[in-house]
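Q: With the input below, show me the fold.
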Amino acid sequence: MLKSLWRTLREECSGAAAYQSIADISRYHRIQASPGFRQAAEYVRERLAQAGVEAEVLQYPANTHTTFWGAPSFQEWEARAGTLHLIEPEVQARKLADYHDVPISLISRSVAFDGEVEVVAVERGESATDGCTSSAYEGLDVAGKIVLTRGRVGRVHDLAVLRRGAVGILFDGMAEGEPVRPAWALPEAIQYTSFWWYGEGEQAGLPRPAKCFGFALSPREGERLRRLIRQRQENADGVHPGEGPVRVRAHVDARLYDGSLEVVSATIPGQCEEADGVRPEVVLVGHLCHPRPSCNDNASGAAAVLEVARALQTLIARGALPQPRRTLRFLWVPEMTGSYAYLAAHEPSIPRMVAGLNLDMVGQDQVQCGSSFLLERPPDALPSFTYDLLARLREMLFPEVKTHAQLGGYPLFRHALTPFSGGSDHYVFSDPSVGVPMPMIIQWPDKFYHTTADTLDKVDPAMLGKVCVLAAAYTYWLAQAGEPEAHWLASEMSARFRQQVIGTVQGAITEAGEKDGPDREGLRCQIEYQSERHRQALASLVRLAAVDVSGWQAQDTAFTESEFARVANVFPQRTTPLGENEEATRLVPRRRYRGPLAVEGYARGMDEATRDEWWEFKQRIGQRASYTVLALAQYWADGQRTLAEIGRQVALETGLETTDLLVEHFRFLERLALIELSER
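A: Numbering: from 1, shown residues only. Here you go, the predicted structure:
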């Protein structure tokens, strides 16, 4: 089945067609919950209708009092105009930004403003101090002025606008990402920047956060403005006492209002029905949002999902492929928010979702963008067959060219298999409280990510074609799979698991002589952890067919034990017991919501001290690990495990010991009434 399916899909899936869809989608300013996103959603629906695919545009509340599980909603935003002019010094007067020319130049969700204001500059302005000795705002009067910053606008809004009375923000920062995007790699580009106004503060009886407007400038334009401000400040000391401050005229015609956010949902019906008439589904997701043009992120994923839906519908309609056993569900969502909204509105259907796949940033020209073709696995807390299947199918892309002797083949693109990192819609679906195992295909890193330079010329139609074929093969194979396919996949999973164990043992042997190398007990824990994840992944095959996997489970467990016994004497016994956080051994978190918590939406509504505490905690977790660790800890929180046990699971999955930070994090969530903590 697999080889013939692959040939059929390669003939029908078109990277060129997906490329044209990117060109069309990138014309829309696709901010979550906005008229531009709605227009893009309607475009997708019309294209699906032309291809004969059943589709609808679903609407969910965009306001300050709705939540989708643990994720707060937010108001719809519409911008009609936004201009920024430098007016003083008059000799350098010029236009700095215009929303109609470059939509990204107006910070998303800016509120209306019209007036002339002085510009004051800080470096980042994110904390009480900028550098070791000076305070970011010490001696700086920002009240009634606009603040020029390279820091995160949410934090600067808190410190400069809420606490010190600034009226707006100018952002001239650019996120760095070595090695593909070092500092000043994109001096003329503008980084995508957004305010997020949540209503949780109102619900808690706290003052509603003051909203503001803002513009984003390129690093080069920002530096010109900073240099001008420095010159005027120096001249104010007496050299040219008649010179005044730098001033701009800002005009923003925009509004926030209770509206809706859209999700496009399409299906190719399957043949099977459950007793209640609901068909099991395989889900393919791509987020449709982001500002114009945002071609690779993520018009490419949205276009690839569209092409997969078109190709499969065409092949099924003409009889080249049989109607699948399971329904194929295609979703175009506002990133993460739309996944929360759709799932919260379809809770009874979630158990019917057999598996899924997320396409995010899939069209990159690797030479220009510096990216690699990545398959990201679901979190270990939700083990399944999905990643092994996708990895095996990916290998079918590899023989692009043969050797000079015409023997064997190899790929001409960079590629890798990576652990779970989250940051996109699979982060919601793959939460064990939701239970839809969902790998992701992504190209990363990307030199032009979240900037005005993410344009159509950075897209590779050939790469899009590869992704479309792979995604179509994965979704259709799962939609059609029965008992023979489940047995084949079990064998594939067993072989890959044994390779994983061998790799773990070999890596441990390499590090055995190091000062902090693994000991015998550490190696045993690691491979037993992998063995248990594999056992549960094999058990998940019952989603496809009623197969008995106990034979594979027993054989693979015996293999693991044999491998450990073979090398155990290479490793020393642990000489000192590992200490444990006493509080962590007692506390058991219980989640109050399905899906991962969108904590930022709640923390913004708290008092100043709590907001500072949350900000400082995020900096520390970023220095020691990453935000992914916090998501993984939530995934492992099943209402039974202590925080010490959760910390051990996270450490086995990531190699990072963060239990003390997790205690602090869950204590914070308890204070926000987002989780409950009990004592064992």
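Q: What segments of the stretch 501-650 of the chain are helices?
A: Taking DSSP state H, counting those that start in this stretch, the helices of the stretch 501-650 of the chain run over residues 520-539, 550-567, 582-586, 600-603, 608-624, 627-636, 643-654.
Q: buried residues in stretch 137-144?
A: Buried positions in stretch 137-144, judged by neighbour count with 16 or more other Cβ atoms under 10 Å: 137, 140, 142. (Each C-beta comes from the backbone N, C-alpha and C, glycine too.)
Q: swap in stretch 256-264?
A: 256, 259-264.
Q: Mark which of the residues you listed are part of strands, please.
A: The strands, defined by DSSP state E, take in 256, 259-264 from the buried residues of stretch 256-264.
Q: before we move on, back to that, CSV please, covering the buried residues of stretch 256-264 and showing distance to Gln233 and pLDDT.
A: Below are the buried residues of stretch 256-264 laid out as CSV (distance: Cβ to Cβ, whole Å; pLDDT from 0 to 100):
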residue, distance to Gln233, pLDDT
Leu256, 35, 97
Gly259, 43, 98
Ser260, 47, 98
Leu261, 44, 97
Glu262, 48, 98
Val263, 50, 98
Val264, 52, 98
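Q: could you redo these as JSON lines and give each row distance to Tyr43?
A: Output for these, formatted as JSON lines (distance: Cβ to Cβ, whole Å):
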{"residue": "Leu256", "distance to Tyr43": "24"}
{"residue": "Gly259", "distance to Tyr43": "19"}
{"residue": "Ser260", "distance to Tyr43": "17"}
{"residue": "Leu261", "distance to Tyr43": "16"}
{"residue": "Glu262", "distance to Tyr43": "11"}
{"residue": "Val263", "distance to Tyr43": "14"}
{"residue": "Val264", "distance to Tyr43": "9"}
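Q: Among the residues you listed, which one lies nearest to Glu676?
A: Taking Cβ to Cβ as the measure, Glu676 lies nearest Leu261 of these, at 29.5 Å.
Q: between the helices of the stretch 501-650 of the chain, which one is nearest to Tyr474?
A: Here helix 520-539 is closest among those (Cβ to Cβ), at 16.2 Å.
Q: helices or strands up against that closest one?
A: helix 483-511, helix 550-567, helix 643-654 (3 or more Cβ pairs under 8 Å, 6 or more residues apart in numbering; DSSP states H and E).
Q: Tell me the buried residues in the first one?
A: Across helix 483-511, burial judged by 16+ other Cβ under 10 Å covers 485-487, 489-490, 493-494, 497-498, 501, 504-505, 508.
Q: What are the structural domain limits within this protein?
A: Annotated domains of the chain cover 9-73+260-480, 77-257, 483-570, 582-679 [automatic domain parsing].
Q: What's the end-to-end length of the second one?
A: Read that as domain 77-257. 7 Å (Cα to Cα, to the nearest Å).
Q: low-scoring pLDDT stretches of this structure, where are they?
A: Applying pLDDT under 70 to the chain flags residues 128-135, 199-209, 236-242, 273-278, 575-579.
Q: again, only using 50
A: 130-133, 200-208 (pLDDT under 50).
Q: quick one, longest strand in it?
A: strand 76-88.
Q: buried set for stretch 531-541?
A: 531, 533-535, 537-541.
Q: just the buried residues of stretch 137-144 now: which is nearest Leu375?
A: Tyr137 (45.4 Å).
Q: Just the C-alpha atoms of stretch 411-426, please, in PDB.
A: Taking C-alpha atoms only, stretch 411-426 is exported to PDB below (Å, rounded to 0.1, in the frame of the first residue of the first chain):
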ATOM      1  CA  PRO A 411      18.600  13.800  -0.100                       C
ATOM      2  CA  LEU A 412      19.700  17.200  -1.200                       C
ATOM      3  CA  PHE A 413      18.100  19.000   1.700                       C
ATOM      4  CA  ARG A 414      19.000  19.400   5.400                       C
ATOM      5  CA  HIS A 415      16.800  17.400   7.800                       C
ATOM      6  CA  ALA A 416      16.600  16.200  11.400                       C
ATOM      7  CA  LEU A 417      14.400  14.500  14.000                       C
ATOM      8  CA  THR A 418      13.900  16.700  17.100                       C
ATOM      9  CA  PRO A 419      12.300  16.400  20.500                       C
ATOM     10  CA  PHE A 420       9.200  18.200  21.500                       C
ATOM     11  CA  SER A 421       9.500  22.000  21.900                       C
ATOM     12  CA  GLY A 422       6.000  23.300  21.500                       C
ATOM     13  CA  GLY A 423       5.200  26.800  20.400                       C
ATOM     14  CA  SER A 424       2.600  25.900  17.800                       C
ATOM     15  CA  ASP A 425      -0.800  24.200  17.600                       C
ATOM     16  CA  HIS A 426       0.400  20.600  18.300                       C
END
